[in-house]
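A.B. asks: Sequence first, predicted model second:
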Amino acid sequence: HAKAAGRAKFQFYTDEMNRAATARLDIERKLRGAAARGEFELWYQPQFDSRQGHLTGLEALVRWRHPEDGLIAPPRFIPLAEETGVIVEIGTWVLREACRQARQWLDAGLPQLRISVNLSVRQLREKCLVETVSAALAASDLRPGLLELEITESAVMDNPDEAVALLQALKDLGVRIAIDDFGTGHSSLSYLKLFPLDHLKIDRSFVSDIEHDANDAMIVAAAVSLAHNLGLSVIAEGVESAVQVARLRELGCDELQGFHFSRPVTADVVENSLRTVWRTA
Ligand code: C2E
Ligand code: MG
Ligand code: MG
Ligand code: MG
């Protein structure tokens, strides 16, 4: 009986595992197909100087234009792309497309703008990442200083020693580096000092309730003070109200990003806004 039960259980697990593996392959095939058919698009969200109010940069955010399901936001496919490794392919496209778009805006006579691109932890593990970034810049003849790479706090803290070397190699290209979602992972403050960073992005979970939650305000104040002491500039993410703007400015955040100013928008809307409502430095 025990043997039969054991076999049945084993059988159950293999079926489950087969199903999971099949589902994974299916998703991987779909994501690769989407990449091959050019179904990914970049949208852009502006970042503004907290005091002067001018535009400081744009964050590129990928979307999947699905032929039947419409526009799909990253939380619905980035984790799967990471799990299956397809993120490396998508990420390379994102880098090249962001640089291409930046070049096109420059050629159209629009002001020089910093463009930020999100890198996944999977991309950081690729040996050719530095090469990929450098090739994307070269293909568009873009000044490296205009490209910023956003890396999450948890991705760098995963393996800080390797991250220090990798970030330094990226930094040597002349690109800028931002730590994304700061405050959500476990940062070793001593490592933070060793990373060649330009920007610290305070996660929106500390912003959403900042006008009521004294702890959140205290955390933002501490992060700002830490960043400024390390010579980094601070962006607050997820700013949704005028009250939050005032509070974050008071707390010393240098730049602000969020729905209060603008949702992520298409490249066309960026161009229009640059010609009309957004003021640059
Ligand atoms: P993230 O890098 O932290 O990007 C900010 C996210 O917060 C964006 O969501 C943006 O639309 C959203 N957001 C901005 N302002 C507000 C606000 O005021 N309120 C609220 N509730 N949300 C706001 P999105 O575009 O859905 O992207 C989600 C995440 O997906 C990104 O978080 C990033 O981790 C990842 N992601 C997006 N594009 C890429 C990409 O090209 N490559 C990689 N590896 N990851 C990406
Ligand atoms: Mg980001
Ligand atoms: Mg973030
Ligand atoms: Mg995030």
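C.D. replies: Nice, I can see it. Ligands and ions are numbered 1, 2, ... in the order given.
A.B. asks: Quickly check: the host helix or strand of R103 near ligand 2 or not.
C.D. replies: Taking DSSP states H and E as the definition, R103 sits inside helix 87-107. No: residues of helix 87-107 contacting ligand 2 under C-beta under 5 Å from the ion: none, with a closest distance of 11.5 Å. In short, each C-beta sits where N, CA and C put it, glycine included.
A.B. asks: Strand partners (parallel or antiparallel) of the helix or strand that comes right after that helix?
C.D. replies: Stepping forward along the backbone from helix 87-107, the first helix or strand reached (DSSP H and E) is strand 114-119. Here strand 114-119 is paired, per DSSP bridges, with strand 55-66 (parallel), strand 147-152 (parallel).
A.B. asks: ok, residues contacting strand 114-119?
C.D. replies: Around strand 114-119, the neighbours that count as contacts under C-beta atoms under 8 Å, 6 or more residues apart in numbering are 44, 47, 56-62, 91, 94-95, 98-99, 101-102, 129, 145-151, 155, 176, 178, 180.
A.B. asks: Report the angle between the helix holding R103 and strand 114-119.
C.D. replies: Here the directions of helix 87-107 and strand 114-119 differ by 170 degrees (axes from the mean of the first three to the mean of the last three C-alpha atoms, to 10 degrees).
A.B. asks: which non-adjacent residue is nearest L80?
C.D. replies: In space, and not counting its chain neighbours, L80 is closest to I27: 5.0 Å by C-beta to C-beta, 6 or more residues apart in numbering.
A.B. asks: Now name the helix or strand holding that neighbour.
C.D. replies: If you go by DSSP H and E, I27 is part of helix 2-36.
A.B. asks: Next secondary structure after that helix?
C.D. replies: By DSSP H and E, the next helix or strand past helix 2-36 is strand 40-49.
A.B. asks: Can you pull out the residues in contact with that next one?
C.D. replies: With contact meaning C-beta under 8 Å, 6+ apart, strand 40-49 is reached by 34, 54-65, 90, 93-94, 97-98, 101, 115-116, 235, 254-257, 261-267, 270, 273, 278, 281.
A.B. asks: just the buried members of these?
C.D. replies: Among the contacts of strand 40-49, those classed as buried by 16 or more other C-beta atoms under 10 Å are 34, 55-64, 90, 93-94, 97-98, 101, 115-116, 235, 254-257, 261-262, 264-265, 267, 270, 278.
A.B. asks: ok, which of those also contact ligand 1?
C.D. replies: Restricting the buried ones among the contacts of strand 40-49 to those near ligand 1 by C-beta under 6 Å from any ligand atom leaves L61, V62, V94, P264.
A.B. asks: Roughly how far does the closest residue to R279 other than its chain neighbours sit from ligand 1?
C.D. replies: Closest residue to R279 apart from its sequence neighbours, by C-beta to C-beta, 6+ apart: H54 at 4.9 Å. Going from H54 to ligand 1 by C-beta to the nearest ligand atom, to the nearest Å gives 19 Å.
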